[in-house]
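Visitor: predicted model, plus sequence, below.
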Amino acid sequence: MRPADRLFQIIQILRRTPKPVTADALAGELGTSKRTVYRDIADLIGQRVPIRGEAGVGYVLQPGLDLPPLMLTPEEIEAAVLGAQWVAGHGDAELARAAQDLIAKIGAVVPVTDMPPARSLATDGLDMAQVRVQIHAGRKIRLCYRDEQGRESERIVWPITVGYMETVRHLIAWCELRQDFRSFRTDRVVAAGFLDERYPERPGALRAKWRRTLNRAEATNV
């Protein structure tokens, strides 16, 4: 992580956490050392970021940090916050943290609406952060997948997106075995291998092809 990105992330962590955050906790989330955190906090204070710290207690971001104006209507802001709150409750750890940061940014400028607690999600059988890396890079994934009857199969898939249901996530992908698009519940994945091999189509083109199949299916069901 670049130093500038790390400084910005420290602000986001303090912004979303009303209680004091220790140097240990900051170092753990940032993947760096306490010594680096101490230096970064000193740099931020030197740049007039209103951070207050107490030995053995932690750091708190005090009021007074200005944000650029949000060029959104009140309805757009509420929609963004409600969507982010849903992701904070349903996304994997990395997406949930990003959603919390977004809510904190908006909440520092305007009041935000609370959302009821989410129901518990089924546990993913693969690393969802790495899944997103594979999707963006257009690289294949090897799955050991267990269907609803408990039967296991090996699949090589071309991942294109992740769908979110109330209590489960689905990996949407082109399946080499079935030669068609398939939806795989992430809690039914027994094992996964993230391959360096790229699939032959551009990710955007493959997503567009998937959307066309959805549109044809919807038109057929009308």
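Guide: It's in. A quick note: this is a predicted structure, and the numbers were derived from the prediction, not measured. Numbering: from 1, shown residues only.

Visitor: sheet-wise, list the partners of the lengthiest strand in the chain with their directions.
Guide: Assignment by DSSP state E gives strand 152-164 as the longest strand of the chain. Applying DSSP bridges to the sheet, strand 152-164 is found paired with strand 139-146 (antiparallel), strand 169-175 (antiparallel).

Visitor: any idea which of those strands has the lowest pLDDT on average?
Guide: Among these, strand 169-175 carries the lowest mean pLDDT, a mean of 93.

Visitor: can you list the buried residues in the helix of greatest length in the chain?
Guide: Ordering each helix of the chain by length in residues (DSSP state H) puts helix 203-221 first. Neighbour-count burial for helix 203-221, counted by 16 or more other CB atoms under 10 Å, picks out 203, 206, 210. Every C-beta, even on glycine, is put in place using the N, C-alpha and C of the backbone.

Visitor: just checking, what packs against that helix?
Guide: When contacts are defined as 3 or more CB pairs under 8 Å, 6 or more residues apart in numbering; DSSP states H and E, helix 203-221 packs onto helix 128-137, strand 152-164, strand 169-175.

Visitor: hmm, try it at 6 Å
Guide: Applying 3 or more CB pairs under 6 Å, 6 or more residues apart in numbering; DSSP states H and E, one finds that helix 203-221 makes contact with strand 152-164.

Visitor: how far out from the middle of the chain is the strand it packs on?
Guide: Centre-to-centre, strand 152-164 and its host chain are 18 Å apart (CA atoms, centre = their mean, to the nearest Å).

Visitor: any residues touching it, and which ones?
Guide: Here strand 152-164 makes contact (CB atoms under 6 Å, 6 or more residues apart in numbering) with 90, 134-135, 140-146, 169-177, 199, 206-207, 210.

Visitor: list buried residues within those residues.
Guide: By neighbour count, with 16+ other CB under 10 Å, the contacts of strand 152-164 hold 90, 134-135, 140-141, 143-146, 169-175, 199, 206, 210 as buried.

Visitor: list the contacts of the closest residue to residue 33 other than its chain neighbours.
Guide: The shortest distance from residue 33 to any non-neighbouring residue, by CB to CB, 6 or more residues apart in numbering, is to residue 27 (5.9 Å). By CB under 6 Å, 6+ apart, the contact list for residue 27 reads 33, 34, 37.

Visitor: could you measure from residue 27 over to residue 35?
Guide: 9 Å (CB to CB, to the nearest Å).

Visitor: all set now, cheers.
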